[in-house]
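Undergrad: Need a 3D model of the following:
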Amino acid sequence: MRFFFRSRQFKIILAIFLGLIVLMVFSSLLGHKMAPQADIAGSIAAPFRSLASDISHFFKNLRNIYVDGNELLLEKTKLEAEINELNEKLAGYDEAVAQNEFYKEFLELKEANPDFKFSPATLISRDTDDPFYSFVINEGSSSGISLYDPVINEAGVIGYISELGTSTAKVTTILSPKLVLGAIDNRSSDSGVVSGTLDYAEKGNCKFYNLSRSCHVAIGDYVVTSGEGIFPDGLIIGTIDSIGSDEYNTSIYAVVSPFVNFEEVKNVMVITEFEGQGGLDIG
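TA: Numbers count the residues shown, from 1 in each chain. Below you'll find the model as predicted:
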C-alpha cells in the first residue's frame, strides 16, 4: 500500500483533489458576495464538491481496508501458529502413547523373564542396498550393548547386533542367511532352525528347516526360539504359512511369516543379558 501513495497515479489524483478544494473555497467566498441567482461559480462547483466528497470517502475506505487487511493477516498468522502448536502437541501425545505401549510389552516380558536385561534403541538409518532389511540403531557399546546381542520389538524377534560402535550398532535381521536361529514349533515342539534366503526375503519370509519327516508341524502354528545360541528361548518368531520337503525328500521345511514388519521397524529392544546366553550361530 505504501508504494501506491508514492506512485504517479496517486500524485495526479491528489493534485485534482487539491484543485477541487481550492475551487470549493473560491466558490464559498463568492457565495457571500453574490446573489444566489448570480452564483454561477457555485453551480459549476457543486458537482465537483460531490466528486471531492466521493474521493474523500474512497481514500477513507481504502485506508480502512488496508488496516483491516493487516489485522486479518495478523490474526491468520496467529491462528496458524496455534494450529501448528496443537499439531506438535498431538504428535507428541501419539508418540508418548506408542512409547507407553512399547514399554508395557517389555515390562510384561521382563516380569516373565527377570534375568533379562534390556537396552532400548531407535532405528536411525536403513541399508537400502540390503535385501534383508538390515539397519542401524542409535545405541552402542556405551549403553552396554555387545556384538551378537539379540534384537526384538513388541512383535517378536528382529535379529542380532552384527556390527558395534560406541554410540551406534548395525542389526542383521532373521531374513538374512547369515543368521541360523534355533527354533521350535510352539504347538508340536518339533525343532529345527530358522534362516533366510534371498527368495524368501523378497516376500518378507524366512525358512524353518531341518525338521524330521515324522514332525507334526502345521500351517498356522507359532514358531519360537529354542534357546540355542544367541537367543533366549520362547521368543516369538512368526507363523507357518506353508510346508514342503527338500529335493532329496529326507526332511521337511516350512515357510515362516515373521510377526515383525521389517519395513516399519522404529523402536527396538536389545537383550544385553539373559541366563544361558551363548555364542553366535551363523550360516
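Undergrad: tell me which element Glu108 falls in.
TA: Element membership for Glu108, per DSSP states H and E: helix 40-112.
Undergrad: so for that helix, what's the average pLDDT?
TA: Taken as a whole, helix 40-112 has an average pLDDT of 61.
Undergrad: Parallel or antiparallel, list what pairs with the helix or strand following that helix.
TA: Toward the C-terminus, helix 40-112 is succeeded by strand 117-126 as the next helix or strand (DSSP H and E). Strand pairing for strand 117-126, determined by DSSP bridges: strand 135-137 (antiparallel), strand 267-273 (antiparallel).
Undergrad: Looking at the ones you listed, which is nearest to Leu147?
TA: strand 267-273 (11.1 Å; CB to CB). To be clear about C-beta, it is placed using only N, CA and C from the backbone, and glycine gets the same treatment.
Undergrad: per-residue confidence averaged over the host helix or strand of Ile236?
TA: In this assignment (DSSP H and E), Ile236 forms part of strand 233-245. The pLDDT scores in strand 233-245 average 94.
Undergrad: List the buried residues of that strand.
TA: Leu235, Ile236, Ile237, Gly238, Thr239, Ile240, Ile243 (16 or more other CB atoms under 10 Å).
Undergrad: And the furthest pair within those?
TA: Within the buried residues of strand 233-245, Leu235 and Ile243 form the most distant pair, 22.1 Å apart (CB to CB).
Undergrad: if you compare the strands paired with strand 117-126, which one is most tucked away?
TA: strand 135-137 (a mean of 22; mean count of other CB atoms under 10 Å).
Undergrad: which helices and strands does whichever helix or strand comes after that strand pack with?
TA: Moving toward the C-terminus from strand 135-137, the next helix or strand (DSSP H and E) is strand 150-152. Other helices and strands packing on strand 150-152, by 3 or more CB pairs under 8 Å, 6 or more residues apart in numbering; DSSP states H and E, are strand 157-164, strand 267-273.
Undergrad: now the ones you listed as TSV including distance to Lys110 and mean pLDDT?
TA: As requested, these are exported to TSV (distance: least, CB to CB, whole Å; pLDDT from 0 to 100):
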stretch	distance to Lys110	mean pLDDT
strand 157-164	16	97
strand 267-273	10	94
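Undergrad: Can you say which of the ones you listed is nearest to Gly220?
TA: Nearest of these (CB to CB): strand 157-164, 18.4 Å.
Undergrad: which residues touch Val136?
TA: Leu123, Ile124, Ser125, Arg126, Asp127, Thr168, Ala169, Lys170, Val171 (CB atoms under 8 Å, 6 or more residues apart in numbering).
Undergrad: which one of those has the most neighbours?
TA: Ala169 (27 neighbours; other CB atoms under 10 Å).
Undergrad: before we move on, back to that, and of the buried residues of strand 233-245, the nearest to Asn186?
TA: Ile236 (8.2 Å).
Undergrad: Any buried residues in stretch 156-168, and which?
TA: Buried residues in stretch 156-168, counted by 16+ other CB under 10 Å: Gly156, Val157, Ile158, Gly159, Tyr160, Ile161, Ser162, Leu164, Thr168.
Undergrad: Just the C-alphas of that stretch, formatted as PDB.
TA: Provided in PDB are the C-alpha atoms of stretch 156-168 (Å, rounded to 0.1, in the frame of the first residue of the first chain):
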ATOM      1  CA  GLY A 156       8.800 -60.600  18.000                       C
ATOM      2  CA  VAL A 157      12.400 -61.400  17.000                       C
ATOM      3  CA  ILE A 158      14.100 -59.000  14.700                       C
ATOM      4  CA  GLY A 159      17.800 -60.200  14.500                       C
ATOM      5  CA  TYR A 160      21.100 -59.600  16.200                       C
ATOM      6  CA  ILE A 161      23.800 -57.000  16.600                       C
ATOM      7  CA  SER A 162      26.300 -57.700  13.800                       C
ATOM      8  CA  GLU A 163      28.400 -54.500  14.000                       C
ATOM      9  CA  LEU A 164      29.100 -52.400  17.000                       C
ATOM     10  CA  GLY A 165      30.300 -48.900  17.700                       C
ATOM     11  CA  THR A 166      30.400 -46.700  20.700                       C
ATOM     12  CA  SER A 167      27.000 -45.000  20.100                       C
ATOM     13  CA  THR A 168      25.600 -46.900  17.100                       C
END
